[in-house]
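K.L.:
Need a 3D model of the sequence below.
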Amino acid sequence: MNEYMIWFWLAVFVIAVGFEFATTEFVSIWFAIAAIPSLLIAIFAPGSLWLEVIVFFAVGFVLMALTRPLVVKYFRRNVVDTNVDAYIGKIALVIKSISDVQYGSVKFEGIEWTAMSNESIEAGAKVKILAIEGNKLIVTKIDN
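P.N.:
Numbering: from 1, shown residues only. Modelled structure (predicted):
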């Protein structure tokens, strides 16, 4: 049985690495790394299947819990917002007054948008885009 476990842990390693390359979600790589100590246990301490399995899951989950947030932050730092997500935080010009009970209009990058706010904002004021709900911009007045 022991010689099969060596091949089993090697297969787990190869499959997890392959799956990580296919998905790049930083989940299976931790289990590929966790297969290495289990493989070593299978080689040097034959017949300890329970220890191999416990080490595999313990190392995998500990590595994932402790290092995944850092690795994801490092590798995903160049994410660029696309489409309307890129509008959040930008400045627009109010062309029709906005109140907390009535939609208004703003002009942003040459396009007229329906806008809403929890405050009254007069036409001609500059606003900051906080969020987008459907086809409406949620804005707040900024000081000139």
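
K.L.:
for residue 106, which residues make a bridge with it?
P.N.:
Under DSSP bridges, the beta-bridge partners of residue 106 are residue 94, residue 113.

K.L.:
can I assume it is in contact with residue 117?
P.N.:
No: using CB atoms under 8 Å, residue 106 is not in contact with residue 117, being 9.7 Å away. C-beta coordinates here come from the backbone N, C-alpha and C atoms, glycine included.

K.L.:
Which one of these two is surrounded by more residues?
P.N.:
residue 106 (27 against 20; other CB atoms under 10 Å).

K.L.:
got a list of what the more buried one touches?
P.N.:
Each residue near residue 106 by CB atoms under 8 Å, 6 or more residues apart in numbering is listed here: 92-95, 98, 112-113, 115, 127, 137, 139.

K.L.:
what comes up buried for the longest helix anywhere in the chain?
P.N.:
Secondary structure of the chain per DSSP state H: the longest helix is helix 49-75. Neighbour-count burial for helix 49-75 flags 52, 55-56, 59-60, 63-64 (criterion: 16 or more other CB atoms under 10 Å).

K.L.:
domains for the chain, by residue range?
P.N.:
Listed by automatic domain parsing, the domain ranges of the chain are 2-75, 83-141.

K.L.:
Using CSV, please lay out those together with mean pLDDT.
P.N.:
Listed next are those as CSV, based on pLDDT from 0 to 100:
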stretch, mean pLDDT
domain 2-75, 89
domain 83-141, 92
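
K.L.:
just how off-centre is the longest helix of the chain within its chain?
P.N.:
Put simply, helix 49-75 sits 18 Å off its chain's centre (CA atoms, centre = their mean, to the nearest Å).

K.L.:
Kindly report the same for stretch 103-111.
P.N.:
With CA atoms, centre = their mean as the basis, stretch 103-111 stands 30 Å off its chain's centre.

K.L.:
now stretch 123-142
P.N.:
Chain-centre distance of stretch 123-142: 25 Å, with CA atoms, centre = their mean.

K.L.:
gap between the two ends of it?
P.N.:
Distance across stretch 123-142, first residue to last, is 13 Å (CA to CA, to the nearest Å).

K.L.:
Contacts for it, please.
P.N.:
Residues outside stretch 123-142 that contact it (CB under 8 Å, 6+ apart): 84-85, 87-98, 103-104, 106, 108, 113-119, 121, 144.
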